[in-house]
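Chemist: model the structure of this input:
(one chain, ligands or ions: 3)
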Amino acid sequence: MPVLNKPRVYLETYGCQMNFADSELVAAILEENLAEMTSDIAKADVILVNTCAIREHASQRVMQQLHRYQQQKLQRPEVVIGVLGCMSSHLKEEISQERPWVDLVVGPDSYRQLPQLITARRAELPTSVVTGLDRYETYEQIFPRRDAGVNAWVTITRGCDNFCSYCVVPFARGRERSRPLSAIQAEMEQVVREGFREVTLLGQNVNSWREGDNRFPELLEAVTQVAGIERIRFISPHPRDFSQRLLEVIRDIPQVMNHIHLPLQSGSDPVLERMNRGYTASGFIELAQRARATVSELAISTDIIVGFCGESEADFEATLALVREVEFDSAFTFKYSERSGTIAAREYEDDVPAVIKGARLDQLMELQNGITRRRNSACIGREFAVMAEGPSRKLATEWMGRTGCNRIVVFPFQAGLLPGRVLPVRIEELSGFTLRGNVTQK
Ligand code: SAH
Ligand code: SF4
Ligand code: F3S
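Modeler: Numbers count the residues shown, from 1 in each chain. Ligands and ions are numbered 1, 2, ... in the order given. Now for the predicted structure:
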């Protein structure tokens with residue numbers, strides 16, 4: 001077998017925060033065992049792409065990237081190209097048969113094997129496809145390799161058992177499992193040592209975390225004990241599992257921020273039923289109202305899908321009516337995209353025409369943008385505790401940070417300011433969707 005240099009690995013990531021957190025895990029596994037990471041694709045010996053399969057558009061972008069990597073392979077045939085993440089199990093045949101320049105296909109539960117798979121492939125052993133899902137893998141003893149910053153993502157559950165009928169995640173990531181509390185606490189202590197001040201706990205259904213008799217509220221209470229964590233956030237909770245006790249923990253623990261991301265998906269009961277979401281529109285409204293009544297100054301954001309199978313004009317109107325009633329602080333909105341293998345793909349017809357999906361998305365976004373603007377305008381003249389993150393994207397003399405309720409605020413830079421500092425900022429104006437303010441402290 002030829003002796004090979006330590007390979008340089010270029011890793012590109014698509015998809016949600018869980019996937020970005022997984023890439024930090026992959027970087028840690030590789031650096032520990034085999035490789036060094038590089039941000040220069042032209043110098044990489046190994047090119048990895050951590051993929052997302054949630055909508056057709058996400059998959060298409062990855063396929064385009066794979067062609068870009070093929071160019072690298074044409075110039076340097078020894079380069080190893082690997083596909084990781086949520087597309088790997090879903091599209092393994094398509095990737096390995098139609099894209100022969102792909103050397104490795106490795107699913108989200110098999111990253112511990114990456115060093116050995118890369119080494120074998122570099123030694124000219126055959127292509128590997130390892131996509132089996134493991135109902136116990138939680139990457140317990142591995143500390144992800146994070147770039148410096150203010151917020152650290154900490155995964156607390158993997159996989160999902162909800163099987164919302166439209167969703168590919170339970171197939172791509174397998175059964176839900178909770179990481180042990182001791183591993184989560186150890187990771188939080190580590191991120192404090194690395195200089196992070198805020199932690200966002202991650203899970204596809206984050207509030208279903210459990211260990212023995214302990215549930216998510218007990219986890220929040222426990223992690224609050226980790227010295228040095230000033231702010232705790234979590235995404236994404238499922239409305240069905242959102243207990244009153246959880247609301248009270250958010251109200252009572254100062255480090256737990258006053259923002260919840262509460263995915264709605266639809267405001268129509270028959271659509272929610274077909275989506276297998278496990279709640280009704282009125283149940284969702286009651287929860288949102290109770291949440292705002294329990295936690296003062298609570299911001300609620302959401303996800304909504306338009307054009308799901310069988311969505312009538314009346315169903316869509318019901319979604320608009322719910323959005324008007326709840327007044328979300330912000331929303332991510334999507335056109336339904338059929339994913340093969342899901343329950344919806346098997347049982348329902350994707351029968352809402354593309355133009356109608358587009359028109360409904362526009363209408364929903366227009367409604368929500370007006371509400372977002374109104375709720376942001378209500379912040380003008382008020383003071384918020386803003387955690388500074390770093391220079392704003394536009395001007396070096398300005399910095400950006402976030403309020404507890406997760407609103408981005410831009411303010412003038414002050415000498416000596418460091419990321420992670422919490423400052424009192426008075427909001428002066430709203431430009432576009434951005435709040436601008438001034439630090440009120442002398
Ligand atoms: N686990 C999280 C969300 C995961 S995916 C939750 O349940 O809240 C993020 C969002 O993508 C979902 O909330 C949903 O709005 C959207 N989404 C998921 N599958 C989709 C599909 N097939 N087509 C369009 N949007 C989808
Ligand atoms: Fe998908 Fe539903 Fe699980 Fe979220 S809760 S990841 S939408 S199956
Ligand atoms: Fe995409 Fe997988 Fe996340 S499908 S949204 S990267 S869990």
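
Chemist: how is the chain divided into domains?
Modeler: The chain is divided into the following domains under automatic domain parsing: 8-130, 146-257, 262-378, 383-439.

Chemist: run a quick neighbour tally on the residue nearest to Lys335 when sequence neighbours are not counted.
Modeler: Counting by Cβ to Cβ, 6 or more residues apart in numbering, Lys357 is the residue found nearest to Lys335 once chain neighbours are left out, at 4.3 Å. Heads up, the C-betas are built off the backbone N, CA and C, glycines and all. For Lys357, the neighbour count with other Cβ atoms under 10 Å is 21.

Chemist: you'd agree Arg68 is in a strand?
Modeler: No - going by DSSP: H, G, I helix; E, B strand; the rest coil, the assignment for Arg68 is helix, not a strand.

Chemist: what confidence value was assigned to it?
Modeler: Here the pLDDT value assigned to Arg68 is 89.

Chemist: can you check Asn376 too?
Modeler: 97.

Chemist: I'd guess it is in a strand, am I close?
Modeler: No - per three-state DSSP, Asn376 lies outside any strand segment and is helix.

Chemist: endpoint to endpoint, stretch 249-265 covers what distance?
Modeler: End-to-end distance of stretch 249-265: 25 Å, with Cα to Cα, to the nearest Å as the criterion.

Chemist: which of the three states applies to Ala21?
Modeler: helix.

Chemist: that's a helix at the residue nearest to Lys335, yeah?
Modeler: Yes - using three-state DSSP, the assignment for Lys357 is a helix.

Chemist: and ligand 3, which of the domains of the chain is closest to it?
Modeler: Taking Cβ to the nearest ligand atom, domain 8-130 is the member of those nearest to ligand 3, at 2.6 Å.

Chemist: please see if the closest one touches ligand 1.
Modeler: Yes - Domain 8-130 reaches ligand 1 (Cβ under 6 Å from any ligand atom) through 54-55.

Chemist: what distance separates the start and the end of that domain?
Modeler: End-to-end distance of domain 8-130: 22 Å, with Cα to Cα as the criterion.

Chemist: go on, stretch 39-50?
Modeler: End to end - Cα to Cα - stretch 39-50 spans 15 Å.

Chemist: show me which residues of this protein are close to ligand 2?
Modeler: 160, 162-164, 167, 169-170, 204-205, 238.

Chemist: need these in JSON lines with secondary structure and distance to ligand 1, can you?
Modeler: Listed next are these as JSON lines, based on DSSP: H, G, I helix; E, B strand; the rest coil; distance: Cβ to the nearest ligand atom, whole Å:
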{"residue": "Cys160", "secondary structure": "coil", "distance to ligand 1": "6"}
{"residue": "Asn162", "secondary structure": "coil", "distance to ligand 1": "7"}
{"residue": "Phe163", "secondary structure": "coil", "distance to ligand 1": "11"}
{"residue": "Cys164", "secondary structure": "coil", "distance to ligand 1": "6"}
{"residue": "Cys167", "secondary structure": "coil", "distance to ligand 1": "4"}
{"residue": "Val169", "secondary structure": "helix", "distance to ligand 1": "6"}
{"residue": "Pro170", "secondary structure": "helix", "distance to ligand 1": "10"}
{"residue": "Gln204", "secondary structure": "coil", "distance to ligand 1": "4"}
{"residue": "Asn205", "secondary structure": "coil", "distance to ligand 1": "6"}
{"residue": "His238", "secondary structure": "coil", "distance to ligand 1": "6"}
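
Chemist: how about the residues of the stretch 301-442 of the chain by ligand 3?
Modeler: By Cβ under 6 Å from any ligand atom, no part of the stretch 301-442 of the chain sits against ligand 3.

Chemist: can you give me the strands for the stretch 301-442 of the chain?
Modeler: 330-335, 383-391, 398-402, 408-412, 422-431, 434-439 (DSSP state E, counting those that start in this stretch).

Chemist: who wins for proximity to Ala291 among those strands?
Modeler: Between Ala291 and these, the tightest spacing by Cβ to Cβ is seen for strand 330-335, at 15.4 Å.
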